[in-house]
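K.L.:
Next comes the sequence, and after it the predicted model I'd like to discuss.
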Amino acid sequence: MAESCVIVRLGSLGDVLLTTGVLAFAGKEQGLMFHVVTRSCFGDIFLNHPAVQEVIPVNLEDLTWQGWQKFCSSLVRTHPGKDLVDLHVNLRTFFLKRIWQGQVKTYPKFSLSRRFFALTGLDVFKNRLVSLNIPQRYAISMNQEAPDKASLIPRIFLSPEEQKEAATTLSFLEPGNPLVCLHPYATHQAKTWPRSRWQELTVLLEKNNLDWIVIGQDPNPLFPDHPRDLTNKTSIRQTGAVIARCVCLVTGDSGPMHLATAVDTPVVALFGPTSREWGFFPSGSRDLVLEADLKCRPCSLHGQVMGQCRNRCMELLEPQQVVQACLINGMDSNKQVS
């Protein structure tokens, strides 16, 4: 593979975050540098990344068919002879690969295995899916064998200024108690814990001498106007810097789950309609996943509501379980509000 290559990953926040550890590994072990093609809203994820030479932003107008043809033609002209690594694999990247003038590599998406497992639950498909998580599947596109999971965990490289800004953001909190970060939102409603459970959780955290804040983006904040609710108030990198000061993040299957791992903060993840087989489980050494043992799980690829589902898989998870997991991380960490 060439020393510098173009890598494409659009998708959601979590999809893009999961590339960061793969690029760091390839940069360190193979000496590769990357031109990253991603949505403009995610470009800041790669600031200070040692293996990223440039970010090539994809804007909304580029995602129309006419706009994408123009974008791809420009990319081919400005990066002649570069290798192209497709970590997205859809019709847009299929077109890009057809006109690309250098070598093309594509990651194994396991689309058929995912769909057949969702339909049948058979072990033959399950075993194939759990053998490699998403970062390992990404890495296969640049390696003959998949590296171990621990070497590919997401990485966000925060600056001292960003860390200082996070300390200022949290300066209103009383020092002393371990701080737990809560992310109660998700793209698909079925992946969210009931709001009443989140509210109950905050009460239990305080009873156990754990402080808390809320982060994320959502039109309906969990605690509107509450000083501890930072919903819609921080950018991706600011959110990462805030999470980095917490003993753990409690979240559903979401992008911020991987953001926490990327800044070395343990995760307490609540999984319902999705599961390990899809490859998006948190990958940190101290991450904990809470999930209900129901035969109907997983019920969809991305967490959409299926049929007459009442979201029982999420409702079965109890706040006390979550508190106990937070206490484990709180006792294992020396992070405190300061």
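P.N.:
Now that the structure is in, tell me what you want to look at.

K.L.:
Which of the helices or strands spans A167?
P.N.:
Using DSSP states H and E, the secondary-structure element containing A167 is helix 160-169.

K.L.:
which other helices and strands contact that helix?
P.N.:
Under the contact definition 3 or more C-beta pairs under 8 Å, 6 or more residues apart in numbering; DSSP states H and E, helix 160-169 sits against helix 236-243. Glycine gets a C-beta too; all of them are placed from N, C-alpha and C.

K.L.:
strand partners of the helix or strand just after the helix it packs on, parallel vs antiparallel please.
P.N.:
Tracing the chain C-terminally past helix 236-243 and defining elements by DSSP H and E, one meets strand 248-252 next. Sheet pairing for strand 248-252, assigned by DSSP bridges, gives strand 179-183 (parallel), strand 267-271 (parallel).

K.L.:
average pLDDT for the last one?
P.N.:
Over the span of strand 267-271, the pLDDT mean works out to 96.

K.L.:
orientation of it relative to helix 236-243 in degrees?
P.N.:
What separates the directions of strand 267-271 and helix 236-243 is an angle of 110 degrees, with axes from the mean of the first three to the mean of the last three C-alpha atoms, to 10 degrees.

K.L.:
same question, the first one
P.N.:
The directions of strand 179-183 and helix 236-243 differ by 140 degrees, with the same axes, to 10 degrees as the criterion.

K.L.:
Identify each buried residue in strand 179-183, please.
P.N.:
Judged by neighbour count using 16 or more other C-beta atoms under 10 Å, the buried positions of strand 179-183 are L179, V180, C181, L182, H183.

K.L.:
repeat for stretch 4-17
P.N.:
By neighbour count on 16+ other C-beta under 10 Å, the buried set for stretch 4-17 is 4-11, 13-17.

K.L.:
cool, stretch 33-52 as well?
P.N.:
33-39, 42-43, 45-46, 49, 51-52.

K.L.:
can I get the CA coordinates of it in CSV?
P.N.:
Once side chains and other backbone atoms are set aside, the C-alpha atoms of stretch 33-52 remain, and they are given as CSV (Å, rounded to 0.1, in the frame of the first residue of the first chain):
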residue,chain,number,x,y,z
MET,A,33,-0.8,8.7,6.4
PHE,A,34,-4.4,9.4,5.5
HIS,A,35,-6.6,11.9,3.6
VAL,A,36,-9.9,11.4,5.3
VAL,A,37,-13.2,11.9,3.4
THR,A,38,-16.0,12.4,5.9
ARG,A,39,-19.0,14.5,6.6
SER,A,40,-18.1,18.1,7.4
CYS,A,41,-19.8,17.9,10.8
PHE,A,42,-17.3,15.1,11.8
GLY,A,43,-14.1,16.6,10.5
ASP,A,44,-13.0,17.9,13.9
ILE,A,45,-12.8,14.4,15.2
PHE,A,46,-9.4,14.1,13.4
LEU,A,47,-7.8,17.2,14.8
ASN,A,48,-4.3,16.5,16.1
HIS,A,49,-4.5,12.9,14.8
PRO,A,50,-0.9,11.8,14.1
ALA,A,51,-1.9,9.7,11.0
VAL,A,52,-4.3,12.1,9.4
